[in-house]
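**Q** The following block contains a protein sequence and its predicted model.
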Amino acid sequence: MTVEPPASAYEMAHDVEAETLATFAVLVDNEPGVLHRVVGLFAARGYNIESLTVAETDRRAHTSRITIVTRGTPHVLSQIEAQLQKMVSTRHVQDVSKDPNGVERELALVKVRGVGADRVEALRLADIFRARVIDTTIESFIFEVTGAPSKIDKFVDLMRPLGLTEVSRTGVLSIERGVETL
Amino acid sequence: MTVQPDAQAAADAAEIMTGAEIVVRALVDQGVTDLFGYPGGAVLPIYDALFHEPRLNHVLVRHEQGATHAAEGYARSTGKCGVVLVTSGPGATNAVTGIVDALMDSIPLVVITGQVPTHLIGTDAFQECDTVGITRSCTKHNWLVKNAADLPHIMHEAFRIATTGRPGPVVIDIPKDVQFASATYVGPDKARRGHNYQPRVEGDASRVAEAVALIAGAQRPILYTGGGVINAGKSASEALRAFAKLTGAPVTSTLMGLGAFPAADPQWLGMVGMHGAFESNHAMHDCDVMVAIGARFDDRVTGKLDAFSPGSKKIHIDIDPSSIGKVVRADVGILGDAGVVLEQMIAAWKRLRRAPEPARLKPWWAQIDKWRQRKGFGYRSSDTLIKPQHAIQRLYELTKDKDVYITTEVGQHQMWAAQFYKFQEPNRWMTSGGLGTMGYGLPAAVGVQMAHPGSLVIDIAGDASVLMTMQEMSTAIQYNLPIKVFILNNEWMGMVRQWQQLLHGERYSHSYSESLPDFVKLAEAYGGKGIRAEHPQELDARIIQMIETPGPVLFDCRVERAENCFPMIPSGKAHNEMILGEDVADIGGVIDEAGRKLV
C-alpha cells in the first residue's frame, strides 16, 4: 500500500509519526569489527536495538547473517536501512517485516518452578504451545519453545503465575518463504 | 609468441617483500607522490622502507592532527587521495580530529597507523591503543592487518573505498610484526576485492526524467549545490554550469560547494545558510522547485526545519543513499554521482518535446533582483579601523588575478571569507565545514602548497583558531612552503563573542584571547616573515608586501574587535526571517528561548 507523499517537507511531522517494530536481515562479510560497526551506528544515532542475532551462515562465501529487531518511526527506519546499506561490509539489507512472505522465528528456554496443580497446568500449556521439556526435576521444568516472538511472549505470560523463574531467548531469526533468497 | 607461464610465475614469485615494503610499494602503485606523517616506534619499519623510496615525498609535520589536515588540503585541492602515516597510540589518537573532519566533509584519506606487535595487542603495551575501535565510527572503513599476505589487497582496496562513492577517510592499522613479516606483493590490478562495495554512479533514468520535467515546469526553480559537486570532479562543475545555463535557474551553494559555480556568473546568488546571502536564503525559501545536488541539508543551511522552503518540491541528487531523505523529504531522490546525473539531466532536458520559454523565469529573477538590492553583506566602513570584511575584500581584489588557493580556520573570519572572497573555480576553497575544526587552515595550507608549489596559498585565519595548529609553521619553513597566513586579529574568539553578545546578555565568558603572542615576532621565531597592518590606509601596501614575500608569512591584520558577522539567520528562525547588520539593535530580542538552546 502506498501513501500519498506530502507536498513538501513543511508538511512532514517526524515527531508525531507512530513508532513501529521492524526486523532487518543483513548479510555482511564475516570479518572482525562488523558487529561493532552495526551496533555503533545504532548507538551513535540513539536508535534502539530490541534484539540482535548474528552467526556465520556461509563459511565459503565468508558471510554472516545479522537479524536486528528495532523500533522507530518510518523516517527513522528508512534511515537505519540506508545506514546499514552504506556499510562497506554489507552485502544486502532487507526490511523483512515489510515483506508479506517473511517468516520470523525465535527460540526460548523457559524455566518454571512449581509443584502440584501448577506443575500439571504448566505441562498442559506447554503441550498446547508445542514446547518441549528439555530438563526436569521434581519441582521444575525447562521448556524449549519456538515460534513467532508474539507466541513466545504469550507463553512466557502464561507461565508467569505458574512459577516462571528464568527466560533465555535467542532473538529473532527471519527468512523469506518461497524460492527467493536474500 | 607464446607466454611462458613458468617465467611469469617466477617473476611474480620474485615480488616477495616485507610488509613495510608492501605499504610503500602499494603507495607508489596507487600514484601517490606525497604523504604527510610523523614517525614513532610502531611505524619505524615503514619509515625505513620510505628511506629507500625516492618516488615518495614525505612531509614531516609537527603534530599528527596537522598531518591529517594537510592531507585534506592536498586532497581537496587536487582531487587526489590524501595519505597520512603515523605511529600507534598517541600518533593515532592525535590524527582522530582530522579523520572525523574528513568524514564530515567527505574528503578521501588513507591513514596508515602503526600498531604494537600482534602478540602485544590487548596487553596495554607501550603506545598501544585500540585504533580500529576508536576510529570505527569516524572512518568509512578500517582494517587491522593481522597477516602480511593480506596487506597488498587491503592497501589497494583502501584507496578504492576512500576515493569512490561518497569519499571519506579509511584507516589501516598495521602491527609492527606484520611490517617486518614477508609476503608476496600484489599490484592494484590483481588485488582481491574483499567487499561487495560498488557505489552506484548513474542515476535512475525515470527519476532523472521526472526531475527534469519538474524543473521544466517550475516558475521559481533554484539549484542548491554542495561539496558533492566538488568531489565529483571538474567535469561535474562543468556539467553544473551547462545545466544552469540551459535551465536559466539561479544557483546557490553550501559553504563546501563554493567554486563549483563561478561567483562572477549573473546566475550566482551567493552562499546559502546561516551567514549566507540574503538573496539566496530568500530564494531558497520562496522557490517552487529545489534541486539539491551533492548537498545534505545541514542545519546551518536549513535553519528552522519545519519552516524550510515550505512551498517547494525537492529533488535530491546524492551518491550516499542515507543522505537522501535524512533531514528533508525528497520528492524525487536520485542516487548517483553528481556529475553523471547532471549529464543525464542535460541530455533529458535536450530531449524535452517543448523546451520551456526562458521568459517564464522573468518574474522570479525580478524578485531576486529586489532581494539583491537589499545588499545583505553591507557593513559600516571605517577610516580609522580595519573592518574585517574590508580586509577580505582588499585581499580578494589584490589576489584575484593570481593562481590562488584559500584555506580557512573556523569562525567569523571563515564566514567573511566565504562571503567576500569570490571563487570562480572548484578546488580553490578549503574549509572545515561539517566538523568546524579550529586549526584546520594552517596545516591545510601546507598540504595545498605541497600540491601546488607555484601557487599563492592563503590561510584566512582568526587569532584564536590559528594558535591551535601554529606549530605547522615549522613544517612550512622546513619545506620552503610559502604559505600566507592572513590573521584577522580581533583578540577574541569572534564567533563565540558574537553569540555571547547576542544571546547570552553580553557575558563574555572565557572568549577573550588573553596573552596573545606577537604574531610578527612569532613568525620571525619560526624563521618566517611577520607583517602587521593596523590602519586601513596601509592595508593594501602590506597585503602586496605579503604576496611578494617569497617565504611563509604570518600577517597580523588588526581589525575592529567587536565586529559581528551578518547577515544571520537567527537560531530557530526560517530563511525569510534573516536579519541584516543594519537592523540589529537587539538581536537577542529576535531569538526566542527555544532558539537560544540550539547550537
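**A** Done, it's in. Just so it is clear, the model here is predicted, and its values are computed rather than measured.
**Q** can you tell me the average pLDDT over stretch B:491-507?
**A** pLDDT averaged over stretch B:491-507 equals 93, rounded to a whole number.
**Q** ok, now stretch B:54-63?
**A** Mean predicted lDDT for stretch B:54-63 stands at 98.
**Q** before we move on, what about stretch A:121-133?
**A** Predicted confidence along stretch A:121-133 averages 97 (mean pLDDT).
**Q** and stretch B:280-287, is it in reach of chain A?
**A** No - using Cβ under 8 Å from any Cβ of the partner chain, stretch B:280-287 stays clear of chain A, coming no nearer than 10.7 Å. For glycine as for every other residue, the C-beta is placed from the backbone atoms N, C-alpha and C.
**Q** what about B:Gly40, neighbour count?
**A** Using other Cβ atoms under 10 Å in any protein chain shown as the criterion, B:Gly40 is surrounded by 19 other residues.
**Q** is B:Pro221 in a bridge, and if so with what?
**A** B:Val289 (DSSP bridges).
**Q** which ones are touching it?
**A** B:Pro221 makes contact with B:215, B:247, B:249-250, B:287-291, B:361, B:364, according to Cβ atoms under 8 Å, 6 or more residues apart in numbering or on different chains.
**Q** what's near enough to touch the nearest residue to B:Ser455 once chain neighbours are set aside?
**A** Distances taken as Cβ to Cβ, 6 or more residues apart in numbering or on different chains place B:Asp403 nearest to B:Ser455, at 4.5 Å, with adjacent residues excluded. Residues in contact with B:Asp403 (Cβ under 8 Å, 6+ apart) are B:452, B:454-456.
**Q** any idea which of the residues you listed is the one closest to chain A?
**A** Set against chain A, the nearest of those by Cβ to the nearest Cβ is B:His452 (31.5 Å).
**Q** So A:Asp135 belongs to a strand, correct?
**A** Yes - A:Asp135 sits within a strand when classified using DSSP: H, G, I helix; E, B strand; the rest coil.
**Q** State the number of residues packed around it.
**A** Residues within reach of A:Asp135, counting by other Cβ under 10 Å, total 11.
**Q** per-residue pLDDT, the residue nearest to it when sequence neighbours are not counted?
**A** In space, not counting the residues next to it along the chain, A:Asp135 is nearest to A:Ile142; the distance is 4.1 Å by Cβ to Cβ, 6+ apart. Looking at A:Ile142, its pLDDT is 98.
**Q** And for B:Ala102?
**A** Model confidence at B:Ala102, given as pLDDT, is 98.
**Q** Also A:Asp99?
**A** As predicted, A:Asp99 sits at a pLDDT of 87.
**Q** quick one: the helices in chain A?
**A** Secondary structure of chain A by DSSP state H: the helices cover A:34-45, A:74-86, A:117-128, A:149-159.
**Q** Which neighbouring elements make contact with the last one?
**A** Contacts defined by 3 or more Cβ pairs under 8 Å, 6 or more residues apart in numbering or on different chains; DSSP states H and E place helix A:149-159 against strand A:102-113, helix A:117-128, strand A:140-147, strand A:164-169.
**Q** re the thing from before, can you pull the contacts of the residue nearest to A:Asp135?
**A** Contacts for A:Ile142 (Cβ under 8 Å, 6+ apart) come out as A:109-112, A:133-136.
**Q** quick one on the thing from earlier: can you flag the buried ones in the contacts of B:Asp403?
**A** If you count burial by 16 or more other Cβ atoms under 10 Å in any protein chain shown, the buried members of those come out as B:452, B:455-456.
**Q** how about those residues in CSV, adding secondary structure and pLDDT?
**A** Formatted as CSV, the buried ones among the contacts of B:Asp403 follow (DSSP: H, G, I helix; E, B strand; the rest coil; pLDDT from 0 to 100):
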residue, secondary structure, pLDDT
B:His452, coil, 98
B:Ser455, coil, 98
B:Leu456, strand, 98
